[in-house]
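[1] attaching a predicted model along with its sequence, questions to come.
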Amino acid sequence: DAKTTQPNSMESNEEEPVHLPCNHSTISGTDYIHWYRQLPSQGPEYVIHGLTSNVNNRMASLAIAEDRKSSTLILHRATLRDAAVYYCILIEETSGSRLTFGEGTQLTVNP
Amino acid sequence: ETGVTQTPRHLVMGMTNKKSLKCEQHLGHNAMYWYKQSAKKPLELMFVYNFKEQTENNSVPSRFSPECPNSSHLFLHLHTLQPEDSALYLCASSQDWGRVYGYTFGSGTRLTVV
């Protein structure tokens, strides 16, 4: 599986925007970029995903670099409920069902 | 509620017991998955089913036995487990392989083997 690199941890203040980076320099043209988050003692929750263009949904925005070697998950106004581990995952066309989780970024939101 | 329901939420079992974990989805998805998450480790894929057929077994010990009677239900039968099998077991589902549309996870079953 194509590898992603994320910071181990980040901090933000409540009601401020958060930009969570992800590097994926070995991405191939058909790999989708997925983001999930996991709160303590919960299953992962789908956040957003994209292929080439930037994406917006009710939870977040995904900004994908023009060369696709990096992406950024944007939470527009962080809340305490956004404190979680955020996973950036590449899903290859040839990986079939495999969703491979790394260590992710632990986001702390300060009141 | 994510649309994927797992029961029970918590389970304590002895090493000689037999128990089953249940997963149910009514999202119309055709693929279902079992994942294991041990303490301070990334999620590990265990089994994959697509249209009730097992398509992947990620070298899981035979004391874990999956069953998928239909596309909406998935079971994980447990017998003679070891204490190191204590973990959060997560079920997920997706339309097709999830690459294009994403995956939906349940809240998990917290299993403790004593």
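    Right, received. Where do you want to start? Numbers count the residues shown, from 1 in each chain, chains lettered A, B, ... in the order given.

[2] now the strands for chain B?
    Counting by DSSP state E, chain B has strands at residues B:4-7, B:10-13, B:18-25, B:31-37, B:44-50, B:53-57, B:64-70, B:73-79, B:87-94, B:103-105, B:109-113.

[3] figure out which of those is closest to A:Val18.
    strand B:103-105 (22.1 Å; Cβ to Cβ). To be clear about C-beta, it is placed using only N, CA and C from the backbone, and glycine gets the same treatment.

[4] quick one, phi/psi of A:Asp82?
    phi -90, psi 0 (degrees, to the nearest 10).

[5] touching, it and A:Val18? I think so.
    Yes: if you go by Cβ atoms under 8 Å, A:Asp82 and A:Val18 touch, sitting 7.3 Å apart.

[6] averaging pLDDT over each of the strands of chain B, which comes out lowest?
    Lowest mean pLDDT within these: strand B:53-57, a mean of 84.

[7] that strand near chain A at all?
    Yes: for strand B:53-57, a contact with chain A is found by Cβ under 8 Å from any Cβ of the partner chain, at B:Thr55, B:Glu56.

[8] for whichever helix or strand A:Trp35 is part of, which helices and strands make contact with it?
    Following DSSP states H and E, one finds A:Trp35 within strand A:32-38. Packed against strand A:32-38, as judged by 3 or more Cβ pairs under 8 Å, 6 or more residues apart in numbering or on different chains; DSSP states H and E, are the following elements: strand A:18-23, strand A:45-50, strand A:61-64, strand A:84-91, strand B:103-105.

[9] so it versus strand A:84-91, what angle?
    Put simply, strand A:32-38 runs at 160 degrees to strand A:84-91, going by axes from the mean of the first three to the mean of the last three Cα atoms, to 10 degrees.

[10] parallel or antiparallel, list what pairs with strand A:32-38.
    Applying DSSP bridges to the sheet, strand A:32-38 is found paired with strand A:45-50 (antiparallel), strand A:84-91 (antiparallel).

[11] averaged over its residues, what pLDDT does that strand have?
    Per-residue pLDDT over strand A:32-38 has a mean of 95.

[12] using CSV, write down the CA coordinates of it.
    Only the C-alpha atoms of strand A:32-38 are listed here, as CSV (Å, rounded to 0.1, in the frame of the first residue of the first chain):
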residue,chain,number,x,y,z
TYR,A,32,-8.1,7.8,-3.6
ILE,A,33,-7.3,9.9,-0.5
HIS,A,34,-9.5,9.0,2.4
TRP,A,35,-9.7,10.6,5.9
TYR,A,36,-11.2,9.0,8.9
ARG,A,37,-11.2,9.9,12.6
GLN,A,38,-11.5,7.9,15.7
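
[13] quick one: distance of stretch B:73-93 to the chain centre.
    Mean C-alpha position of stretch B:73-93 versus that of the full chain (Cα atoms, centre = their mean, to the nearest Å) differs by 6 Å.

[14] the residue in chain A positioned nearest to chain B - nearest residue in space that isn't next to it in sequence?
    Per Cβ to the nearest Cβ, the residue of chain A with the smallest distance to chain B is A:Gly43, at 3.6 Å. Leaving aside its sequence neighbours, A:Gly43 sits nearest to B:Phe105 (Cβ to Cβ, 6 or more residues apart in numbering or on different chains; 3.6 Å).

[15] how many neighbours does that neighbour have?
    25 (other Cβ atoms under 10 Å in any protein chain shown).
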